[in-house]
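In: Sequence first, predicted model second:
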Amino acid sequence: MKQNNMLAMILAGGRGSRLHDLTNKVAKPAVSFGGKYRIIDFPLSNCANSGVDVVGVLTQYESILLNSYVANSGRWGLDAKESGVYVLPPREKADSDLDVYRGTADAISQNIDFIDTYSPDYVLILSGDHIYKMNYEKMLAYHKECGADATIAVIEVPFKEASRFGIMNTDETGRIVEFEEKPPQPKSNLASMGIYIFNWKLLRKMLLADMKNTESNHDFGKDIIPTLLNDGKSLYAYKFKGYWKDVGTIDSLWEANLDLLNKNNELDLNDRSWSIYTEDVTTLPHYVGPDANIQGAFITQGCLIEGEVKHSVLFTGAKVGAGAKVIDSVLMPGAEVEEGAVVVRALVSDGIRVGKGAKVGDAASENIELVAKHVKGVE
């Protein structure tokens, strides 16, 4: 591996319970996004574009699809010699007698042997369930320039939303002086993005000590980072400028998809200088019928559109029948809106059918409707 090399570990084992039925049988990082992608494509593509050659993906709940998906390293160009994407499921029993990671730090602790195999100078810890594009090489350069023991990526959020995040309070040099987990009265608006760079020798020592601590939550935010600060270690905040979205709820997943319709959207999936790689699905081109009406939509291959689609995102193989209307909505892979049906402000799950003449969603609703079961049509 490279001198001053960095290895990445992607935490991809969360339940994603706030996505409800979307994650009943599929791990959150494997959920579809943006017409043809999966959420996990974003951190993996960022690694590939940043020159991070070795990536461990730590999976856990409902991981069968995710495991098989990430096992194909070539999908992200990480299949060359001395590189690759490796699936790392839990190996230890928790209190429930199931193989699970007890916390984010425990997930890394259980894989110390894997990391040691590559003898990295630095370890990059990533969440596997966020939508963003980021150059980790630039973050590493900042980390080394500061002489940091750990660097945490942060993004400025509105003060009114800051209490939802882990907040980093810094001095004028960017050094972190205090970390507050979801503070009711935040002192700053620098929210942790769940992206960390650690000097491996120090982190390894911290993890070994944490494993022996019976009172620990074995978590980076609750244990490792506060301990580093208490020990007087050098922690710096790396300010990220760009698009970043935690798609942990139905509303936020819907919103992130519809953000793609904004021509000024910073995510820009058409940016050839920073490609987001994904599975190459073999399917027919999309088809638009002679009476179809499409306004400001994101249409993926394999779609069949004979009705009206307005300000919506249609994933691979979605269908909209004659006289049907899809407005301000997201149709996931294989979703079908039959003749005369109306879908408004909704997210229709994979393979779900909205029957003839049925109506789902409400233009006046504050929340997005998740359609995760077939909707019977009008008789």
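Out: That came through fine. Residues are numbered from 1 along each chain as shown.
In: which other residues reach the longest strand belonging to the chain?
Out: The longest strand of the chain (DSSP state E) is strand 190-199. Outside strand 190-199, the residues that touch it by C-beta atoms under 8 Å, 6 or more residues apart in numbering are 6, 11, 121-127, 130, 132, 134, 136, 139-140, 143, 148-157, 162, 165-170, 179, 220-221, 237, 239-240, 244. (Glycine included, C-beta is placed from N, CA and C.)
In: again with stretch 357-369
Out: So stretch 357-369 is contacted by 250-251, 254, 327-329, 338-348, 354, 371, 375-378 (C-beta under 8 Å, 6+ apart).
In: May I see the buried residues of it?
Out: Across stretch 357-369, burial judged by 16 or more other C-beta atoms under 10 Å covers Gly357, Ala358, Val360, Gly361, Ile368, Glu369.
In: Which pair in these has the greatest spatial separation?
Out: Greatest spacing in the buried residues of stretch 357-369, by C-beta to C-beta: Gly357 and Ile368 (22.0 Å).
In: returning to what we had before: TSV for the buried residues of stretch 357-369, including pLDDT and secondary structure?
Out: TSV is the format used below for the buried residues of stretch 357-369 (pLDDT from 0 to 100; DSSP: H, G, I helix; E, B strand; the rest coil):
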residue	pLDDT	secondary structure
Gly357	96	coil
Ala358	97	coil
Val360	97	strand
Gly361	96	coil
Ile368	96	coil
Glu369	96	strand
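In: got these as JSON lines, with distance to Thr104 columns?
Out: As requested, the buried residues of stretch 357-369 are exported to JSON lines (distance: C-beta to C-beta, whole Å):
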{"residue": "Gly357", "distance to Thr104": "48"}
{"residue": "Ala358", "distance to Thr104": "42"}
{"residue": "Val360", "distance to Thr104": "37"}
{"residue": "Gly361", "distance to Thr104": "36"}
{"residue": "Ile368", "distance to Thr104": "28"}
{"residue": "Glu369", "distance to Thr104": "32"}
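In: Please identify which of the residues you listed is nearest to Trp200.
Out: Closest to Trp200, out of all of these and judged by C-beta to C-beta, is Ile368, at 41.6 Å.
In: Not counting sequence-adjacent ones, nearest residue to the closest one?
Out: Take Ile368 and drop its neighbours on the chain: the residue closest to it by C-beta to C-beta, 6 or more residues apart in numbering is Trp254, 4.4 Å away.
In: what's the helix or strand for that neighbour?
Out: helix 250-259 (DSSP states H and E).
In: What lies in contact with that helix?
Out: So helix 250-259 is in contact with 18-20, 22, 31, 33-34, 131, 243, 245-247, 265, 267, 298, 311-313, 328, 330, 347, 367-368, 370, going by C-beta under 8 Å, 6+ apart.
In: Try it again at 6 Å.
Out: Ile131, Lys245, Val247, Asn265, Val313, Val330, Leu347, Asn367, Ile368, Leu370 (C-beta atoms under 6 Å, 6 or more residues apart in numbering).
In: With stretch 12-24 instead?
Out: Under C-beta under 6 Å, 6+ apart, the answer for stretch 12-24 is 28-29, 31, 57-61, 101, 128, 248-249, 370, 372.
In: Send me it as PDB with only the CA atoms.
Out: C-alpha atoms of stretch 12-24 as PDB (Å, rounded to 0.1, in the frame of the first residue of the first chain):
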ATOM      1  CA  ALA A  12     -23.200  -0.200   7.200                       C
ATOM      2  CA  GLY A  13     -24.900  -2.200   9.900                       C
ATOM      3  CA  GLY A  14     -27.700   0.100  11.100                       C
ATOM      4  CA  ARG A  15     -31.300  -1.100  11.100                       C
ATOM      5  CA  GLY A  16     -32.700   1.900   9.400                       C
ATOM      6  CA  SER A  17     -35.900   1.500  11.400                       C
ATOM      7  CA  ARG A  18     -37.200   5.100  10.500                       C
ATOM      8  CA  LEU A  19     -37.400   4.000   6.900                       C
ATOM      9  CA  HIS A  20     -40.100   1.500   8.000                       C
ATOM     10  CA  ASP A  21     -41.000  -1.100   5.400                       C
ATOM     11  CA  LEU A  22     -38.200  -0.100   3.100                       C
ATOM     12  CA  THR A  23     -35.700  -1.800   5.400                       C
ATOM     13  CA  ASN A  24     -37.800  -4.800   6.600                       C
END
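In: Give me the distance from it to the chain's centre.
Out: With C-alpha atoms, centre = their mean, to the nearest Å as the basis, stretch 12-24 stands 12 Å off its chain's centre.
In: Could you do stretch 300-317 as well?
Out: Taking the mean of its C-alpha atoms, stretch 300-317 sits 24 Å from the chain's own mean (C-alpha atoms, centre = their mean).
In: That stretch: which residues count as buried?
Out: Quick answer for stretch 300-317 (16+ other C-beta under 10 Å): 300, 302-309, 312-317.
In: ok, Val342 - contacts?
Out: Contacts of Val342 were listed using C-beta under 6 Å, 6+ apart, and they are Lys325, Lys359.
In: Also the one 5 residues further on?
Out: Under the criterion of C-beta under 6 Å, 6+ apart, the contact partners of Leu347 comprise Ile250, Trp254, Val330, Ile368, Leu370.
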